[in-house]
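Visitor: Below is the sequence, then the predicted model.
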Amino acid sequence: MAYNQYGNSYNRPSFFGGFQFFPPVIKALLLANAAVFLGMLFLGNFHVGEFSFEQFFYHAFALWPLGAGFGFWQLFTYMFMHANFTHIIFNMLALWMFGMELENVLGSRKFLIYYLLCGFGGGLANLLVAPLFTSVGPTIGASGAVYGVLLAFGMMFPERPIYIYFLLPIKAKYFVFLYMAIEIFSVGSVDGVAHFAHLGGALVGFLYLISDGYRFGSPYISQQKNIFSKFSNYAHTPHRQDDYGEVADAKVYDLFEKKNDEPNQQKQIDEILDKISKNGYQSLSDEEKKILFEASKKLN
């Protein structure tokens, strides 16, 4: 459930039964990736003598192998660069499709941390593990981070149907398993795809969710103490409105914290959250939404 965490005022976005259609981090990532892609297309037409702006940006910001022009900043910058139109379209479409609901459930700040950690982990895997199995060149693309998002969606909404080619339904857990299996069997191939970046991003995402309280078959329950606490703890910390402006955050998982309320009420809330995990917020009745809203107000 999305609501403004500052001042108890309830924010009910108009799309997808209460979830934002373009939550702020997803929107910012889409715009950032598009801006970088279009900027590089534009700058690619400019040369100063032998100097090419396009080559400069690839050498400076793509992820290069260790000892071949590598810079530590490239572990973050590479995920905002794409090779061609097809590359960026598929990555951004997957980010929006699977990341939209995740951001609404995790909250914007925590989703951003998760996304960047998955991209960082994918880059590390490509640097340290991939050379043991295949030759590695400069790497670009958001696929490592996107695979982390895909894995999180499959873990948190395992029964959700995904329609392949908009026709064939398959449960999210099987869809994710299929994609991961393809990546594993593609290791060592010379198809020009950074498979270890994909697997590394997914692995980091898996470790993050497990360490942060995820349990198979249960809705997502956040725990503040985990191996990523340096990155994620402040995502749980209240901030003043002046710090972030009008930020709509999602704190569905906070309702699972132990309270001294009546057992029947807690059981009712648990059942509602189970229903959200399986079928989405839009499946709730008006009465269930009201119960969830009233419970959320008590937490502020």
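Guide: Received, thanks.
Visitor: I'd say residue 272 and residue 292 touch.
Guide: Yes - using C-beta atoms under 8 Å, residue 272 is in contact with residue 292, at 5.6 Å. (C-beta placed from N, C-alpha, C; glycine too.)
Visitor: Quickly list the domain ranges of the protein.
Guide: Per the record's domain assignment (automatic domain parsing), the chain is made up of the domains 2-242, 251-298.
Visitor: most neighbours per residue, which of the ones you listed?
Guide: domain 2-242 (a mean of 17; mean count of other C-beta atoms under 10 Å).
Visitor: Nearest spatial neighbour of residue 140, chain-adjacent residues omitted?
Guide: Beyond its immediate neighbours in the sequence, the residue positioned closest to residue 140 (C-beta to C-beta, 6 or more residues apart in numbering) is residue 81, lying 4.0 Å away.
Visitor: low-confidence ranges in the stretch 101-250 of the chain?
Guide: Residue ranges of the stretch 101-250 of the chain with pLDDT under 70: 166, 190, 215-250.
Visitor: ok, 50 please
Guide: Low-confidence segments of the stretch 101-250 of the chain, defined by pLDDT under 50: 223-250.
Visitor: Would you map the strands across it?
Guide: Secondary structure of the stretch 101-250 of the chain by DSSP state E, counting those that start in this stretch: the strands cover 161-164, 168-171, 248-250.
Visitor: my guess is residue 157 contacts residue 172, does it?
Guide: Yes - here residue 157 lies in contact with residue 172, judged by C-beta under 8 Å, at a distance of 5.4 Å.
Visitor: shared neighbours of residue 272 and residue 292, anything?
Guide: residue 284 (C-beta atoms under 8 Å, 6 or more residues apart in numbering).
Visitor: Relative to residue 113, which of the strands of the stretch 101-250 of the chain is closest?
Guide: When the strands of the stretch 101-250 of the chain are compared for distance to residue 113 using C-beta to C-beta, the nearest one is strand 248-250, at 13.2 Å.
Visitor: Any idea how far the helix or strand just after the closest one is from the middle of the chain?
Guide: The element immediately downstream of strand 248-250 (helix or strand, assigned by DSSP states H and E) is helix 263-279. For helix 263-279, the separation from the chain centroid amounts to 24 Å (computed by C-alpha atoms, centre = their mean, to the nearest Å).
Visitor: Export helix 263-279 to CSV, keeping only CA atoms.
Guide: Below are the C-alpha coordinates for helix 263-279, written out as CSV (Å, rounded to 0.1, in the frame of the first residue of the first chain):
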residue,chain,number,x,y,z
PRO,A,263,-4.6,-11.5,17.8
ASN,A,264,-7.6,-11.6,15.5
GLN,A,265,-6.8,-8.3,14.0
GLN,A,266,-3.2,-9.3,13.3
LYS,A,267,-4.4,-12.6,11.7
GLN,A,268,-6.8,-10.6,9.5
ILE,A,269,-3.9,-8.3,8.4
ASP,A,270,-1.7,-11.3,7.6
GLU,A,271,-4.4,-12.9,5.5
ILE,A,272,-4.8,-9.6,3.5
LEU,A,273,-1.0,-9.3,2.9
ASP,A,274,-0.9,-13.0,1.8
LYS,A,275,-3.6,-12.1,-0.7
ILE,A,276,-1.6,-9.1,-2.0
SER,A,277,1.5,-11.3,-2.4
LYS,A,278,-0.4,-13.8,-4.5
ASN,A,279,-2.8,-11.7,-6.5
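Visitor: helices or strands next to that helix in the packing?
Guide: helix 286-298 (3 or more C-beta pairs under 8 Å, 6 or more residues apart in numbering; DSSP states H and E).
Visitor: For the helix it packs on, the averaged confidence score.
Guide: Per-residue confidence for helix 286-298 averages out to 68 on the pLDDT scale.
Visitor: can you start the count at 48 instead of 1 from here on
Guide: Renumbered: residue one is now 48, and that last one reads helix 333-345.
Visitor: Tell me the confidence at residue 98?
Guide: Per-residue confidence for residue 98 comes out at a pLDDT of 71.
Visitor: Please determine how far it is located from residue 128.
Guide: As for residue 98, its distance to residue 128 is 19 Å (criterion: C-beta to C-beta, to the nearest Å).
Visitor: sorry, back to before: quick one: pLDDT of the residue nearest to residue 187?
Guide: Residue 128 is assigned a predicted lDDT (pLDDT) of 94.
Visitor: Wait, it touches residue 108, no?
Guide: Yes - between residue 128 and residue 108 a contact is recorded at 6.2 Å, counting by C-beta under 8 Å.
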